[in-house]
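Colleague: give the three-dimensional model of this entry:
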Amino acid sequence: MALISPGVEVTVIDESNYAPSAAGTVAAIVIATAQDKTSGTGSGTAAGTTAANAGNTYLIGSQRELTSTFGNPTFYNTASGSPINGYELNEYGLMAAYSLLGVSNRAYVIRADIDLAELASSTSRPLGNPTGGTVWWDVSSDTRWGIFEWNASTGAFTNKVPTVITSTTDLTGGVPKTSIGAIGDYALVATNTSNPVYYKNRSNAWVLVGSSAWQVAHATIAGTVASTGNDFTIGNSIDINGSTVTTTAQTLAGLVSDINTAAITGVTAAAVDNKIELYATSAAASEQIILANNTGTILTDAGLTAGTYARPKIAQDPHYTVPAWKSTDTTPRPTGSVWAKTTQSNLGFLADVSTYSTSTASFTSSSAPSYTNDQTALKNLDVTGGSAITAGSFYVQYDVTENDTVTYKLFKRYSSGALDVVGLVNAAAPITGSETFTIQASVANSETLSTAVQVTTSGTSIADIASDINGANVANVSASVNSAGYLKITHALGGVIVLKDTSGTPIADAGITTSITTGQVRDGNDSNLILSNWIADTYTAASSAPSANPADNAYWYAGGFETDILVHDGTT
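Modeller: Here you go, the predicted model:
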């Protein structure tokens, strides 16, 4: 280019020399992270950290995209909160990628197929998550059993917390080993689905609370005078429940022997701490001891008082029904009687039952109130009869065998809606005519079953017995034959049906048995069958959450063997 002005000519020559631009490059970073991390968005799993995506190459365009794909970088601290610099499990690679994307908008990121979380030191082997729907009864302090022991001297109850046994190695014949617990302690056997409660008697033996053995573990009446030798006159007598006992010896041991030899139903005696004790069981007349002097001074010499004494008692009642056991009450009870408080107030019964959800990877706690039977649970949980109770709901039945023993059994709701039970037999003529059975059913908003109706089989087919059930006209109960020829029995309100063969076996012949795999049929306590949407589902009773074995090829860095290397600096 030339610039011309008068007398001046300027020429500009461009002799610049430029190097050609280099081809663009994008960094590639290989990282290691924990597996299945939470996305940096705060919810869900970071896709890049799953095992299925290990080794895949991701083109990441921003820091936000990086953390949503691989989660936030993890760096470990000590127990006191100080950073552990240079720790092998810190996610330095992910942090490097994050820093790069602060000044760049492209990076290839590849996660190695290794789970850093598996390399964290632990003294116990890693475990996997339980399957969805796993039920856990947490029998630690989160569950209360509501057991209160009566003291007749103080007129007060004392809360007794049982030792909960969750391992069969602590049992002998299903009963706690004698090496467990002290005399006077209580233990609950959680390996038994009825969760029975035991008491340790003065012989160091465990006895089921409420049983005859438990009843004689506590004196119905105890003498107050210690024997000094020949305290009694031979030939004197007393009356116990109308039976006369005559002394044949002068000693306390002789009196005890004379009482036991008299074989008074439900009554025994023993010498304890050199004093006499009398015991009554539920087999005793009116479940008590009526003590009267006959001739001589046996009662005075033994420190006994004539009168009527009730045996030790189990009361399984809510917190607002306090047992009337004081000496001033109509029926006083001796020390050792037990009140199993069935409602949660004032340290009463409270069950901590949870169900595992795979979607949240956690256990969700559920309410599990206690009731005496299915129909009582229905009345309290759904006054319309039961159909509105959600599937998966729980209740705990107390006194499972209905014999005043302290037991607890967990039941789960099989389904909402009506109760439908389908039998197992579809033969042409499985029934025998003129046999009989009875039907009872729950009634909406009632704890009482309907009056038992007796049914006589009119024929030999499944259709005949279905017709017989319908003809019994039990409210809300009906029967039909399904398309495959099986008997189907229904309670329209989702309630309970109780069946009992009274001559022959027509119910069993129709295929209504406990072998039905849904669990909707179970044995009752009176040779009957209970048909119910409350089923005895499987569960784990433990003080820590149940788990499963880890996946194949999981890593475990066994800890507990680490050593610190310390360097002396001349002073410390």
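Colleague: tell me which helix or strand in this protein has the weakest average pLDDT.
Modeller: Per-element confidence for the chain was summarised using mean pLDDT, DSSP states H and E. The lowest value among helices and strands belongs to strand 2-5, with a mean of 60.
Colleague: can you give me the helices for the stretch 251-400 of the chain?
Modeller: With DSSP state H, counting those that start in this stretch, the ranges of helices along the stretch 251-400 of the chain come out as 252-261, 298-302, 374-381.
Colleague: relative to residue 101, which of those helices is closest?
Modeller: In terms of C-beta to C-beta, the element of these nearest to residue 101 is helix 374-381, at 55.7 Å. Every residue, glycine included, has its C-beta placed from N, CA and C.
Colleague: helices and strands around the closest one, which ones?
Modeller: Other helices and strands packing on helix 374-381, by 3 or more C-beta pairs under 8 Å, 6 or more residues apart in numbering; DSSP states H and E, are strand 394-398.
Colleague: quick check: which element contains residue 507?
Modeller: Using DSSP states H and E, residue 507 falls within helix 506-509.
Colleague: contacts for that helix, please.
Modeller: Contacting residues not belonging to helix 506-509 are listed as 425, 430-432, 435-437, 457, 465, 499-501, 529 [C-beta atoms under 8 Å, 6 or more residues apart in numbering].
Colleague: count residues in the vicinity of residue 378, would you?
Modeller: 30 (other C-beta atoms under 10 Å).
Colleague: so it touches residue 385, yeah?
Modeller: Yes - in terms of C-beta atoms under 8 Å, residue 378 counts as a neighbour of residue 385; the distance is 6.6 Å.
Colleague: between these two, what contacts are shared?
Modeller: Here residue 378 and residue 385 share the contacting residues 442, 494-495, scored by C-beta under 8 Å, 6+ apart.
Colleague: can you put those residues in a markdown table and add pLDDT and distance to residue 307?
Modeller: Formatted as a markdown table, the entries for the shared contacts of residue 378 and residue 385 read as follows, by pLDDT from 0 to 100; distance: C-beta to C-beta, whole Å:
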| residue | pLDDT | distance to residue 307 |
| --- | --- | --- |
| 442 | 98 | 44 |
| 494 | 98 | 51 |
| 495 | 98 | 47 |
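Colleague: and those as CSV, adding secondary structure and distance to residue 116?
Modeller: Formatted as CSV, the entries for the shared contacts of residue 378 and residue 385 read as follows, by DSSP: H, G, I helix; E, B strand; the rest coil; distance: C-beta to C-beta, whole Å:
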residue, secondary structure, distance to residue 116
442, strand, 56
494, coil, 51
495, coil, 55
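Colleague: let me have the residues you listed in a markdown table, extended by distance to residue 356 and neighbour count.
Modeller: Output for the shared contacts of residue 378 and residue 385, formatted as a markdown table (distance: C-beta to C-beta, whole Å; neighbours: other C-beta atoms under 10 Å):
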| residue | distance to residue 356 | neighbour count |
| --- | --- | --- |
| 442 | 31 | 31 |
| 494 | 26 | 27 |
| 495 | 29 | 30 |
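Colleague: and stretch 475-488, what's buried?
Modeller: By neighbour count on 16 or more other C-beta atoms under 10 Å, the buried set for stretch 475-488 is 476-477, 479-481, 486-488.
Colleague: correction: the previous question concerned stretch 550-564.
Modeller: Those buried within stretch 550-564 under the rule 16+ other C-beta under 10 Å: there are none.
Colleague: before we move on, what about stretch 493-503?
Modeller: Of the residues in stretch 493-503, those scored as buried under the neighbour-count criterion (16+ other C-beta under 10 Å) are 493-502.
Colleague: need the max-distance pair from the residues you listed.
Modeller: In terms of C-beta to C-beta, these reach their longest pairwise distance at 494 and 502, which sit 26.5 Å apart.
Colleague: just the helices of the stretch 251-400 of the chain: most buried one?
Modeller: Scoring the helices of the stretch 251-400 of the chain by mean neighbour count under mean count of other C-beta atoms under 10 Å gives helix 374-381 as the most buried, with a mean of 22.
Colleague: thought residue 428 was touching residue 461?
Modeller: Yes - shown here, residue 428 and residue 461 form a contact pair, counting by C-beta under 8 Å, at 6.7 Å.
Colleague: of the two, who's got more company?
Modeller: Comparing residue 428 with residue 461 by neighbour count (other C-beta under 10 Å), the higher total belongs to residue 461, at 19 against 8.
Colleague: tell me the spacing between that one and residue 471.
Modeller: Separation of residue 461 from residue 471 (C-beta to C-beta, to the nearest Å): 15 Å.
Colleague: ok, residue 11 next?
Modeller: For residue 11, the distance to residue 471 equals 125 Å [C-beta to C-beta].
Colleague: mind jotting down where the helices sit in the chain?
Modeller: Counting by DSSP state H, the chain has these helices, from start to end: 63-70, 92-100, 212-215, 252-261, 298-302, 374-381, 462-471, 506-509.
Colleague: okay, domains of the protein per the record?
Modeller: Listed by automatic domain parsing, the domain ranges of the chain are 28-119, 147-217+336-344, 221-310, 419-532.
Colleague: circling back: dump the buried residues of stretch 493-503 to TSV, plus distance to residue 149.
Modeller: What follows is the buried residues of stretch 493-503, written out as TSV (distance: C-beta to C-beta, whole Å):
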residue	distance to residue 149
493	40
494	39
495	37
496	34
497	39
498	35
499	40
500	38
501	42
502	42
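Colleague: tell me which of these fall in strands.
Modeller: With strands defined by DSSP state E, the entries of the buried residues of stretch 493-503 inside them are 497-502.
Colleague: re earlier: nearest to residue 451, out of the helices of the chain?
Modeller: Nearest to residue 451, of all the helices of the chain, is helix 374-381, at 13.7 Å by C-beta to C-beta.
Colleague: by how many degrees do the closest one and strand 497-503 diverge?
Modeller: With axes from the mean of the first three to the mean of the last three C-alpha atoms, to 10 degrees defining the directions, helix 374-381 sits at 160 degrees from strand 497-503.
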